[in-house]
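**Q** Quick check, what structure comes out for this input:
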Amino acid sequence: MSQTVLLVFTNHSELGTTGKKTGYYLPEAAHPYHVFKNAGYSIDFASPKGGKSPLDQSSVEAFKDDKASTEFLNDKEVQDKVNNTLRLSDVDPSKYSVVLFVGGHGPMFDLSDDQSSHDVVRKIYEANDTNIVAAVCHGPVGIANVKLSNGSYLVSGKKVTAFSNAEEDAVELSSQMPFMLETKLKENGALYEKAAENWGAHVVGDQRVFTGQNPASASPLAEAIVSQLKK
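**A** You can find the predicted model right below:
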């Protein structure tokens with residue numbers, strides 16, 4: 001049976017009270033998409049409200065010379081999916097073997113407590129002992145508060161990573177976040193770890209939960225998931 005991956009995007013475009021725009025971060029969608037597509041997987045896009053997911057334009061400039069990112073932006077089929085994401089409440093979790101939350105600052109504002117999102121994650125994770133829940137950078141906000149059917153947090157007792165407090169401080173956006181992601185994961189029982197230096201690639205897989213710390217971690221995260229699925 002062919003594997004199908006669900007990429008979850010944000011609908012949020014306002015960066016706190018800065019007056020600046022945000023959304024999803026380009027390579028954190030483009031790089032996993034590239035890896036999954038090349039592995040022969042089907043890929044669907046979803047978001048809390050459905051419809052268009054806003055793109056953080058700063059990531060377009062930062063990755064203008066990145067091949068996978070430019071291909072993602074220039075692929076008509078892909079852009080049609082980004083502009084017409086499925087509504088999470090309409091998603092059939094039984095179709096998917098992987099759900100991956102795309103990063104960017106947008107998810108911090110609309111994915112932490114979205115119950116439709118939580119339901120999809122829980123059902124995919126609990127469906128069998130091979131399905132994978134994954135997230136990159138700020139994407140782990142989509143799994144941080146998910147509770148399993150037994151009432152425990154999905155991340156409790158599992159090694160995970162995510163955009164670190166130190167990295168948030170470095171980009172001077174800590175004051176604009178509704179909470180600090182690293183701190184929230186730890187509060188909910190996650191065994192948080194990170195790269196030795198800011199911006200270093202770091203991927204963790206533990207008990208079918210796969211996470212990547214930052215943009216540099218997006219490709220290796222997807223590659224780790226593909227390797228796990230092939231076992």
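**Q** Pick out the residue nearest the middle of this protein.
**A** In the chain, the residue lying closest to the centroid (CA atoms, centre = their mean) is F101, at 2.2 Å.
**Q** from memory it sits against A135, does it?
**A** Yes. Between F101 and A135 there is a contact at 3.8 Å, judged by CB atoms under 8 Å. Where you see a C-beta, it was placed from the backbone N, CA and C, and this is true even at glycine.
**Q** joint contacts of those two?
**A** 141-143 (CB atoms under 8 Å, 6 or more residues apart in numbering).
**Q** Which of those residues fall in helices?
**A** Among the shared contacts of F101 and A135, the residues falling in helices (DSSP state H) are 141-143.
**Q** how distant is stretch 8-28 from the center of its chain?
**A** 13 Å (CA atoms, centre = their mean, to the nearest Å).
**Q** how long is that stretch end to end?
**A** In stretch 8-28, first residue to last residue: 11 Å (CA to CA, to the nearest Å).
**Q** same deal with stretch 89-106?
**A** End-to-end for stretch 89-106, by CA to CA: 19 Å.
**Q** Show me which residues of that stretch are buried.
**A** 91, 93, 96-106 (16 or more other CB atoms under 10 Å).
**Q** Now do it, average pLDDT.
**A** Mean per-residue pLDDT for stretch 89-106: 98.
**Q** repeat for stretch 68-78
**A** 98.
**Q** Kindly report the same for stretch 3-22.
**A** Mean pLDDT, stretch 3-22: 97.
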